[in-house]
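Novice: what follows is a predicted protein model with its sequence.
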Amino acid sequence: MTNKLQRLELTWPGKEERFNPEPRILLEDKEKSYSKEVEAVDLLDDKVKPTFDNMLIHGDNLLALKALEQDYAGKVKCIYIDPPYNTGNAFEHYDDGLEHSIWLSLMRDRLEILKRLLSEDGGSIWISIDADESHYLKVLCDEIFGRQCFVDEVIWQRAFAPVNLKKTLSRSHDAILVYCKNPLNFILNTLPRSEKQTDNYKNPDNEPRGIWTSADCTVGPVVTEKLYKIITPSGRSVYPPEGRCWLFTKERFNEMVQDGRIWFGKDGNNAPRVKKFLSEVKRGVVATTLWTRDECGDNQEAKREIKALFPNEKNPFDTPKPERLIERVLTLGSNPGDIVLDSFLGSGTTAAVAHKMGRRWIGVEMGDTVYSYCQPRLKKVINGEDAGGITKSTGWLCGGGFKFYELASSLIVKDKYGQQIISEKY
């Protein structure tokens, strides 16, 4: 009897059946491409400099990703996708009710290509999903990317008020699954320090090194060499609380006192605390896995943004994401000039945010929303006519551009003038 080790994997009906798409190419439609040069671009901050080599692609995203693979494999720094949640609901702009096994196959085929597009140097993918499929998607992504590449699961508060008509629980959050391409080369960026966080830093003793805050000087469990009596400047004897010891050895503690890095309170009578100078701490803050609506917006904010951009639209896009949510993702997962990809572009939020943040972007959308939302929205960003979302916080002005592409068959022929044409357009 053979003892064959097998890996843990998710199975479903039809998993072994794969769709092998006919090769496609991307043809630019110059009439739909758009750009706007701006003067004195060198005076702008690097993070908001307009980008021009962006791609807006209309067509099935599996075919589009396959077409992108030849030139962009290993070059995309950050991927964000907001795929259909497979909730069983029928949305106006797309069908979100695929049978479960079909949905898994759809996601598997696309995620495999997305993995190949990611950069080995810090590349990551962020996938929005809700509880209907999140756990199945997690196992599927473990299989495709490897469990060692799982970064974490973010919980985003998508709604505030409960739905009182619900008979069970009113769902108020979505998940964002985060995977990296290579864990050995992956470090997330930090978040900028908020004014509230900076307000915690003061300088009550006129410290020449600048403003500071204090931190606990004890730690647990107890280490014998760090358990000793400290005499405060006022003459009081203090010991660590039971079950804890001092953070430093006695020798190191005395060095810290001599260097002015220990605070005993205004009157020199308090238990010691360590000074943390703002000038010496990390430039940013490590992000947590809980993203509240106050930090990143919610569904209502997203709908207000779309309504402001398209005030005459009677039935605005059903499920947009707020710009602040995508800004958080791109802040952590990319830097100015990096390539950002969204292959479920929807209303164009990822491309709009990436443009305002000085990232190069590729967006793919198969539906007519590419004409009714993505293209006009991005034109407004480029023209400086979009004052909403993150425009003010990023300092975005205007400028940049994108090339609009249609998917075509791989068969190329030439007309009588020698110009390339295609035999069939999809």
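Specialist: That came in fine, so what should we check first? Values in this document were obtained by computation on a predicted structure and should not be read as measured data. Residues are numbered from 1 along each chain as shown.
Novice: check contacts around L10.
Specialist: L104, Y136, V139, L140, E143 (Cβ atoms under 8 Å, 6 or more residues apart in numbering). Where C-beta positions appear, they are placed from N, C-alpha and C, glycine not excepted.
Novice: can you add secondary structure, pLDDT and distance to T213 and give those residues back as JSON lines?
Specialist: What follows is these, written out as JSON lines (DSSP: H, G, I helix; E, B strand; the rest coil; pLDDT from 0 to 100; distance: Cβ to Cβ, whole Å):
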{"residue": "L104", "secondary structure": "helix", "pLDDT": "92", "distance to T213": "49"}
{"residue": "Y136", "secondary structure": "helix", "pLDDT": "94", "distance to T213": "44"}
{"residue": "V139", "secondary structure": "helix", "pLDDT": "96", "distance to T213": "42"}
{"residue": "L140", "secondary structure": "helix", "pLDDT": "96", "distance to T213": "44"}
{"residue": "E143", "secondary structure": "helix", "pLDDT": "95", "distance to T213": "45"}
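Novice: and of those residues, the nearest to N54?
Specialist: Checking these against N54 by Cβ to Cβ gives L140 as the nearest, at 29.6 Å.
Novice: coming back round to it: most neighbours among the contacts of L10, please name it.
Specialist: Tallying neighbours with other Cβ atoms under 10 Å puts L104 at the head of the contacts of L10, with 23 neighbours.
Novice: neighbours of the closest residue to that one other than its chain neighbours, how many?
Specialist: For L104, the nearest residue in space outside its immediate sequence neighbours is W12; the separation is 5.1 Å by Cβ to Cβ, 6 or more residues apart in numbering. By the criterion of other Cβ under 10 Å, W12 has 16 neighbours.
Novice: now tabulate the contacts of L10 in TSV and tack on distance to W263.
Specialist: As requested, the contacts of L10 are exported to TSV (distance: Cβ to Cβ, whole Å):
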residue	distance to W263
L104	56
Y136	52
V139	49
L140	51
E143	52
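Novice: and of these, the nearest to D338?
Specialist: Where the contacts of L10 are concerned, and distances follow Cβ to Cβ, D338 has its nearest neighbour in L140, at 26.0 Å.
Novice: okay, and the spatially most central residue of the chain sits in which element?
Specialist: When the chain is reduced to its mean C-alpha position, the nearest residue by Cα atoms, centre = their mean turns out to be V329, at 1.8 Å. In this assignment (DSSP states H and E), V329 forms part of helix 323-333.
Novice: in that helix, which residues are buried?
Specialist: E323, R324, L325, I326, E327, R328, V329, L330, T331, L332, G333 (16 or more other Cβ atoms under 10 Å).
Novice: name the helices or strands packed onto it?
Specialist: Using 3 or more Cβ pairs under 8 Å, 6 or more residues apart in numbering; DSSP states H and E as the contact criterion, the neighbours of helix 323-333 among helices and strands are strand 78-81, strand 124-129, strand 191-192, helix 293-296, helix 299-309, helix 349-356.
Novice: quick check: angle from the fifth one to helix 349-356?
Specialist: This means helix 299-309. Going by axes from the mean of the first three to the mean of the last three Cα atoms, to 10 degrees, helix 299-309 is angled at 70 degrees with respect to helix 349-356.
Novice: could you dump helix 299-309 to CSV, C-alpha only?
Specialist: Output in CSV follows, covering the C-alpha atoms of helix 299-309 (Å, rounded to 0.1, in the frame of the first residue of the first chain):
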residue,chain,number,x,y,z
ASN,A,299,-21.3,52.1,1.3
GLN,A,300,-23.3,55.3,1.7
GLU,A,301,-20.3,57.4,1.3
ALA,A,302,-19.4,55.5,-1.9
LYS,A,303,-22.9,56.1,-3.3
ARG,A,304,-22.7,59.8,-2.5
GLU,A,305,-19.5,60.0,-4.4
ILE,A,306,-21.0,58.3,-7.5
LYS,A,307,-24.1,60.5,-7.3
ALA,A,308,-22.0,63.7,-7.2
LEU,A,309,-20.1,62.5,-10.3
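Novice: what does that helix rub up against?
Specialist: Among residues not part of helix 299-309, those counted as contacts by Cβ under 8 Å, 6+ apart are 158-160, 293, 313, 316-317, 319-325, 347, 349, 373, 377, 380, 386, 388-389.
Novice: over to the shortest one?
Specialist: The list of residues contacting strand 191-192 from outside it, by Cβ under 8 Å, 6+ apart, reads G284, V285, V286, A287, R328, T331, L332.
Novice: for stretch 168-185, what is the distance to the chain centroid?
Specialist: Distance of stretch 168-185 from its chain centroid, counting by Cα atoms, centre = their mean, to the nearest Å, is 10 Å.
Novice: tell me how far the ends of stretch 84-99 are from each other?
Specialist: Distance between the two ends of stretch 84-99: 12 Å, counting by Cα to Cα, to the nearest Å.
Novice: what's the mean pLDDT across that stretch?
Specialist: Taken as a whole, stretch 84-99 carries a mean pLDDT of 67.
Novice: poorly predicted segments of the stretch 151-300 of the chain, please.
Specialist: Within the stretch 151-300 of the chain, the stretches with pLDDT under 70 are 282.
Novice: so which residues of it form strands?
Specialist: All strands of the stretch 151-300 of the chain, identified by DSSP state E, counting those that start in this stretch, fall at 173-180, 191-192, 212-216, 218-219, 230-231, 237-238, 245-246, 262-263, 273-277, 284-285, 290-291.
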